[in-house]
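Novice: This is a predicted model, with the sequence first.
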Amino acid sequence: MATTVPTPARPRPRGGLDPDRADVYRDWLRQMLLIRHFEEKAGEAYSLGKIGGFCHLYIGQEAVAVGSLAALNRDDYITCSYREHGHALARGIGARTVMAELFGKAPGGSKGKGGSMHLFDASLGFLGGHGIVGAHIPLATGMAFAAKYRKTSQVAVCYFGEAAVNNGAFHEALNMAALWKLPAIYICENNRYGMGTALERASAIYDISERAYSYDMPNEVVDGQDVLIMHAAMERAVERARTDKVPTLLEVRTYRFMGHSMSDPIHGHYRTKEEVEDQRKRDPIAVWSQRLIAEGLLDEAGVKALDKEVIREVEDAYQFAEQAPEPEPDELYRDVYAEEKRET
Amino acid sequence: MATTVPTPARPRPRGGLDPDRADVYRDWLRQMLLIRHFEEKAGEAYSLGKIGGFCHLYIGQEAVAVGSLAALNRDDYITCSYREHGHALARGIGARTVMAELFGKAPGGSKGKGGSMHLFDASLGFLGGHGIVGAHIPLATGMAFAAKYRKTSQVAVCYFGEAAVNNGAFHEALNMAALWKLPAIYICENNRYGMGTALERASAIYDISERAYSYDMPNEVVDGQDVLIMHAAMERAVERARTDKVPTLLEVRTYRFMGHSMSDPIHGHYRTKEEVEDQRKRDPIAVWSQRLIAEGLLDEAGVKALDKEVIREVEDAYQFAEQAPEPEPDELYRDVYAEEKRET
Amino acid sequence: MPTLTYRDALNQALREEMQRDPDVFLMGEEVGVYQGAYKVSRGLLDEFGPMRVVDTPITELGFAGVGVGAAMVGLRPVIEFMTWNFALLAMDQLVNSAAKMRYMSGGQVGVPAVFRGPGGAALQLGAQHSQAFESYYAHIPGLIVVAPATPADAKGLLKSAIRDDNPVVFIEGEMLYNTKGEVPEGEHMIPLGQAEIKRSGSDVTVICHSKTVTLALKAAEQLAGEGVEAEVVDLRTIRPMDTDTVLESVVRTHRCVVAEEGWPFAGVGAQVVDTIQREVFDELDAPVIRVTGADVPMPYNKFLERAAKVDPGKIVAAVNQVLYREDEA
Amino acid sequence: MPTLTYRDALNQALREEMQRDPDVFLMGEEVGVYQGAYKVSRGLLDEFGPMRVVDTPITELGFAGVGVGAAMVGLRPVIEFMTWNFALLAMDQLVNSAAKMRYMSGGQVGVPAVFRGPGGAALQLGAQHSQAFESYYAHIPGLIVVAPATPADAKGLLKSAIRDDNPVVFIEGEMLYNTKGEVPEGEHMIPLGQAEIKRSGSDVTVICHSKTVTLALKAAEQLAGEGVEAEVVDLRTIRPMDTDTVLESVVRTHRCVVAEEGWPFAGVGAQVVDTIQREVFDELDAPVIRVTGADVPMPYNKFLERAAKVDPGKIVAAVNQVLYREDEA
Ligand SMILES: Cc1ncc(C[n+]2csc(CCOP(=O)(O)OP(=O)(O)O)c2C)c(N)n1
Ligand SMILES: Cc1ncc(C[n+]2csc(CCOP(=O)(O)OP(=O)(O)O)c2C)c(N)n1
Ligand SMILES: [Mg+2]
Ligand SMILES: [Mg+2]
C-alpha cells in the first residue's frame, strides 16, 4: 500500500522571474561572470606589463552593462567612457578581440591602435570607448539624431559616470536631446566616485536623476546591483525611446570594487577599506546567482559550471592575445585619413 | 461763514512705495531715461558710422540693470555680456566715458581698444563686457570665490541672456557656486530671444528659473519691466549672498525692443511687428513714471525735467566722444602684457 | 558664366549637395529661421525643412559633438559655426573626437563631417571676435583644412569637402562674403589639396590664402607698376598642403613672401617657411619673409585695427625686402 | 644641493609660493584629497586647507574660468589641468578671457594666473591622452608659455610664473616627473623668457624644450663619441622666445636641428625655423631640420607608439643630415 509522504515544499517563486526565460536569466549570469573573470585576468595581465597605459576595470558594475544591453536590438547605437570592457563583452564582442586590443595586438578590435579606452565594433553599433570625460555624450545625441533623421526605430545609448554629469557636455547634449525629442538613453553609472572625488564633493545635488528636470526629461533611479531591476528599467526607457520618441536619463546606483584604474589602490585617501567591503556585500553576481538558486532556476553546480565555462573562455582569450601578432609597422600611418573616397 | 468743500481724495498710495525714498525712486527713473536716450543716441551714431562693429542696445530692459544694481555696494563685482551699456551707466560709469569707448576714442573706459562689447571700470568693480556667450559666467563664479576666500562681504553679480543658459559654461559655473556656497547672483535677462531664436526653440524647458534645482540653488522669476519688483528681488538675493552665503539664480522676464544688434531689424523672420508693439506697451520707463505720478511722487513736469536733464547729458557725452582724440598709434602694442611686475 | 557673391556661391554649393545627397544636412546657430547670421544658408530651411536645416542652442561643444556622432553613423553633417572664434569651445570635439575617431577605431569609424563658418577679422569687432585659427586645425593629423579666397573656389571646395570622407574644417573669409566672381554652374568641383597660382610672375612668389589672396593680388598690381612681377600662390587647402605647387614656384622665383591674417607665432606661414627652407634651401636668394596680423589682441579702434591687419602695402614692403629693394619701399 | 625629482621640485615651488603669498591658491581636479593625479600637490591640502587647495568637479572650462575671474580681482590662482589634453575644453577661457582681458580693458584688468599640468605623451595612453599643445598657447599674444626640462628649472620657473602678472601656461613633462636633479633650496628663481645652453658644442645647435632636452642630451653624447660636438639649447620659455640665445648659438655652429614632441604642422619648431632663416640666413650652412612626433594620432600599441615618438636616434639622424653625414647615419 502506498504511503503518502509529503514532498518538501518547493520555494515559491518571488514575483518577477518568468520560468520560461530561465535561459535568458542564466545567460545574464554567464555574461556577468565572463566580465568579472575577464577583468580579473586583465588586471593580472596589466601587472605583468602585457597591458599598458590606463586600464579601468568594471568589477562591481557588471549588472549595469548586462542588464541594460540585454534590452537593445542589434542595430542600436552604444557609446561608453573608457571603462567599457564590460559593455563591449556584454554587447557580444568576442573576449579574444577585446583582450587582443588590450594587449595592443593586430587582431584587436581597433588593430591594437585604440587600446583599453577605445574599443569599437561598428558591426555591433559599439562606437567607443572614449577618453575625455563627458565628450561622448553629445556623440550619442548625434546618433539619436541620425535615427530620427532616418526615421528608423533605433535608439542611441550612452554610458558615463556620475562625475561626467557636472560637465558642460552633459548639459548641452541632454538639452538638445529633450528639445528635439530624440531616441536617446543616457545611463549614468553612479559608482559614487570620480577618481578620488566623492559624488557629493563634485555635485551640488545628490540625486543625479533630478538633473533631468532641467530638460523635462523622463528619469529613474535604478539599483545597478540587481540585473533584473536594471533590465526592467532599461526596457521602460527603450520603450519610451522607440515608441514615444523621448529620451531618458537613468541614474544607476552602483559601486566600483577596484581602484579607479590599475594605478589606483582599491581604497586610499578617498574611501575606506570598510566602505569597500561593505559595498562588496551587494556583489551583483552574488545577488543574481543567489536569486536564481532561490527561484530554483539554477543550482550551485550550475553556477560552478557557468563559472568554469567562462574561465575557459577568458583563458582562451588571454592565450589568443598573447600569441597574436603585433600590428605591422606601416599601421602607424594607416587610418589617419580615409583610404579611398565614398562613391558619389 | 466758512463752507466746507470736500477736497478731492488724494489717491491712496498702493503698497510698496515709501515716500521717504522718493529721491531714490526718481533717480531710478532718471537712470532709465539716461540709458534710453543714450542707447537711442548710440544707435544714431552707429548709423552715421561713428560707432563700428557690433552694437547691442539695451532699450526695453532698462529696469533690470537699474533696479538690480541699485541694491549693490560699491565694492561688489559685476560682469555682463556684450549688451552692457545700460549696466555700465547704471553702475555709475560716466556717459562721456562710455560713449567715448563706443566711438573707440582715447578717453573711453578701455582707451578705445575694447569697444561696445568690452566696457570696464575696475574702480567700480565693473569687470566687462564679454563677447563669448556664457563665458563670463565662470568668471563671476571666480569673483565670488575670491570674496569668500578673502572673507569679505562682497557679492559677485553676473548678467547674461536666456540663451546662455543652455551653454555648458552656465551649468559648470552654477554647480560650483552652489557646491562651494559662493556669494554669487546670476541674473538671466530673459528677453525671449537669442538673436533670432526664441527661448522655446533653444531650451527644453520654458521656466529658466527651474534650472536652478539642478544645483539646489535659490531662484526667483522676476518681472523685469517693473524696477521696483526687480529691486526687491535683488535685495533678497543680495541678502542671501551676503548673509547666508548662498548663490541665487534670478530669471528676469523682460523684452528687447530693438533688433539683436544694430545690423538686425527690429522685427523680421523670427518675430512679428505686432509682438513687438504689444510688448512695448509694458515699457519699463512708462510703467515706472506712471507709477510715480500715480503715487504723487512726481508729476508730468517732473518727468519732463528729468528727460531734459538726461538728454543734455547724452548730448554732452556725444559731443565729448566726437571731439575726443583717437588713441596714440603705439597703443596698439600696449596692454598686451603687464608693464612692470607686481612687488613681491 | 554667372557672377555670384562668395556668400551665394557657398549657398549654391550647400543647396546642390543637399539636393544630391539626402544624408547631407546643415546644423548650427541661426542657420534656419534667421536664414544664417551671414545669410549663407538663406532659403535652405524653406527648401529642405527643419530636419535638414537645424537651428541649435548656443552650444558649440554640444552641436559639434552631435555632428561628429551623426557622421559616425553615416550622415554627412555640415556644422556651421557662426564664427570660428566661438569654435574654440568645440576644440575638444574637433581634435579629440572628429580627428581621431578613424584611427582610434582601427579604421572602422570615420567622421565625414564639414565644420564651416567665417574666420579672420571683420571690421571693429574687437579682440574676441577677430581671430584666424587656421594653424590650430592644420596642426592636427586627421583633419583637412580648407580656406577659399574666391566665389568659384568657395563653391568648388565646399562641394568637395561635403563629399570627402574625412572631417573637413572649412574656413570662410568673413570679409569675402560680399566679393563677387564668376562661378561655374552645377557640378563644379575643386579637389582638396591643390593650391592655385592666381597670378603668375617670375620675380617673387607670394604665398597666401583666403582674404590675403585679395591683398596679395592688389600688391602684385602695384609691384607690376614698379616692374616687379609677383607670382601669387593661393594655398586654398591648408592641410594637406600642396607643397609641390609652392616649391615649384619658389624654384622659379628664388624669392618668397608668405602672408596670412593670423598671428605670427607658429602660424600657417611658419610651416610654409619651414617647408621651403628645408626643401629648396639652395634655391633661395633671400630669406623668406612673412606678413602676418600684428602680434596683439585685435583692438576695436578703427585706426589701430587697420594698423594691426595685413594690407597690400605690407606685402609690397616684404617683397621689396626679399628683393633687397628696401630703398624703394 | 639637495637632489629632488621634477615632481617634488614643483611641489616645493608651490609650497614656498603659497607660504609666501596668501593670495596664491591651487585649484583643479584631484589636487586635494587625492594628493594630485600625479602627486605634484602631495601634502598641500594638509598644510594649507581646503580653501587654498581646491578640488573641482570635472569642468575644465568652468574652473579655468573661475581661475581667470579670481585673478581678475587680484588673487593668484594656480589652476591645475590633470593633463593638457583636457585643457582643450578650456581653450576659450585661456584664449578669449585670460589672454585678452588686459588688452580689452585698456590695461585696467590683468589675469595673474598660472595654468599648469603635464603635457606630451606618456606610455600607451592612446590618441586622446598623448598630445603636446605648446604651439597652441604660444600662438596667442597675451599668454606666456613655459615648459621646463629639469627639476631645477621646474622649481625656478614655476616660482617666477606664479609671481608674474600675466597669465602663464606652464606645461610640465609627463615623462619627467620622476627624473631627478639638484635643486637649489628656497628663493631659487629663473626669469621667464630665458633659454639655457644645456650643453655647449661648436658643430651643430639642437634646439629643444621639455622632454626633448633629455633626448637631445643623449643624442649629443652619442655624437660626441663620433666626434661631433652638439650644442643643446633648451628654450625653457616658449613664449616669449629667447631668440638671442638661439641665434647666437646658430651663428656659432652654422647648423641647426629643432626637436619637439608635438606634431610637425605649425609646431613650435616651425616658428624657430622661421626666426632662424629670417634673422641669420647667411650664417646657415644647411637648412634647419626638424624632429617632431609622427604626424598621426598617437597609437596605443607600444611599438607603434615608440616609432611615433621622438628619440635620440632621430635627433642624431637629423644632425647627420644637417652635417651632410647621411652616409654615417
Ligand atoms: C575632460 C576630462 N577631464 C579629466 C579627465 C581625467 N579623468 C579620467 S576618468 C575621471 C573620473 C571620471 O569619473 P566618473 O565620470 O564618475 O566615471 P568612473 O571613472 O567612475 O566610471 C577623470 C577625472 C578626463 N579623462 N577628461
Ligand atoms: C559662444 C558664442 N556663440 C555664438 C555667439 C554669437 N551670438 C552673440 S549674441 C547671441 C545671442 C545671445 O542671446 P542671449 O544670451 O539671449 O542674450 P541677448 O542677446 O538676448 O541679450 C549669439 C548667438 C557668441 N557671441 N558666442
Ligand atoms: Mg564614478
Ligand atoms: Mg535673449
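Specialist: Perfect, thanks for sending it. Residues are numbered from 1 along each chain as shown, chains lettered A, B, ... in the order given. Ligands and ions are numbered 1, 2, ... in the order given.

Novice: quick one, helices of the stretch 51-200 of chain A?
Specialist: In the stretch 51-200 of chain A, the helices defined using DSSP state H, counting those that start in this stretch lie at A:62-69, A:85-91, A:95-102, A:136-149, A:168-179, A:199-202.

Novice: Identify whichever of these lies nearest to ligand 2.
Specialist: Ligand 2 lies closest, by Cβ to the nearest ligand atom, to one member of the helices of the stretch 51-200 of chain A: helix A:168-179, at 11.2 Å. Yep, even glycine has a C-beta here, placed from its N, CA and C like the rest.

Novice: quick one: that closest one near ligand 2?
Specialist: No: Helix A:168-179 lies out of reach of ligand 2 by Cβ under 6 Å from any ligand atom, never closer than 11.2 Å.

Novice: what distance separates the strand or helix carrying A:Trp28 from the centre of its chain?
Specialist: Here A:Trp28, judged by DSSP states H and E, is contained in helix A:22-47. Centroid separation for helix A:22-47 versus its chain: 12 Å, with Cα atoms, centre = their mean, to the nearest Å.

Novice: which other helices and strands contact it?
Specialist: Here helix A:22-47 touches helix A:62-69, helix A:85-91, helix A:95-102, helix A:227-239, helix A:284-294, helix A:300-323, going by 3 or more Cβ pairs under 8 Å, 6 or more residues apart in numbering or on different chains; DSSP states H and E.

Novice: So what angle separates the directions of it and helix A:95-102?
Specialist: Orientation of helix A:22-47 against helix A:95-102 (axes from the mean of the first three to the mean of the last three Cα atoms, to 10 degrees) gives an angle of 30 degrees.

Novice: list the buried ones in helix A:22-47?
Specialist: Residues of helix A:22-47 classed as buried: A:25-26, A:28-39, A:41-43, A:45-46 (neighbour count, 16 or more other Cβ atoms under 10 Å in any protein chain shown).

Novice: hmm, that helix in reach of ligand 1?
Specialist: No: residues of helix A:22-47 are not located near ligand 1 by Cβ under 6 Å from any ligand atom, the shortest gap being 13.2 Å.

Novice: now that helix against helix A:62-69, angle please.
Specialist: Using the same axes, to 10 degrees: helix A:22-47 against helix A:62-69 is 130 degrees.

Novice: what angle sits between helix A:22-47 and helix A:300-323?
Specialist: Helix A:22-47 and helix A:300-323 are oriented at 40 degrees to each other (the same axes, to 10 degrees).

Novice: Could I get the average pLDDT for helix A:22-47?
Specialist: Mean pLDDT, computed over helix A:22-47, is 98.

Novice: now the angle between helix A:227-239 and it, please.
Specialist: 100 degrees.

Novice: Quick one: the helices of the stretch 51-200 of chain A as JSON lines, columns for distance to D:Leu26 too.
Specialist: Listed next are the helices of the stretch 51-200 of chain A as JSON lines, based on distance: least, Cβ to Cβ, whole Å:
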{"stretch": "helix A:62-69", "distance to D:Leu26": "35"}
{"stretch": "helix A:85-91", "distance to D:Leu26": "34"}
{"stretch": "helix A:95-102", "distance to D:Leu26": "35"}
{"stretch": "helix A:136-149", "distance to D:Leu26": "29"}
{"stretch": "helix A:168-179", "distance to D:Leu26": "23"}
{"stretch": "helix A:199-202", "distance to D:Leu26": "16"}
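
Novice: is it possible to export those to JSON lines including mean pLDDT and mean neighbour count?
Specialist: Converted to JSON lines, the helices of the stretch 51-200 of chain A look like this (pLDDT from 0 to 100; neighbours: other Cβ atoms under 10 Å in any protein chain shown):
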{"stretch": "helix A:62-69", "mean pLDDT": "98", "mean neighbour count": "29"}
{"stretch": "helix A:85-91", "mean pLDDT": "98", "mean neighbour count": "27"}
{"stretch": "helix A:95-102", "mean pLDDT": "98", "mean neighbour count": "26"}
{"stretch": "helix A:136-149", "mean pLDDT": "99", "mean neighbour count": "29"}
{"stretch": "helix A:168-179", "mean pLDDT": "98", "mean neighbour count": "29"}
{"stretch": "helix A:199-202", "mean pLDDT": "98", "mean neighbour count": "18"}
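
Novice: Dump those to TSV, plus distance to chain C.
Specialist: What follows is the helices of the stretch 51-200 of chain A, written out as TSV (distance: least, Cβ to the nearest Cβ, whole Å):
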stretch	distance to chain C
helix A:62-69	18
helix A:85-91	12
helix A:95-102	8
helix A:136-149	2
helix A:168-179	3
helix A:199-202	19
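
Novice: Tell me how many other residues crowd the residue of the stretch 1-150 of chain A found nearest ligand 3.
Specialist: Residue nearest to ligand 3 within the stretch 1-150 of chain A: A:Arg83 (8.4 Å; Cβ to the ion). Residues lying near A:Arg83 (other Cβ atoms under 10 Å in any protein chain shown) number 25.

Novice: Phi first, then psi, for the residue nearest to it when sequence neighbours are not counted.
Specialist: On the basis of Cβ to Cβ, 6 or more residues apart in numbering or on different chains, the spatially nearest residue to A:Arg83 that is not a chain neighbour turns out to be A:His56, at 4.2 Å. For A:His56, the backbone dihedrals are phi -100, psi 110 (criterion: degrees, to the nearest 10).
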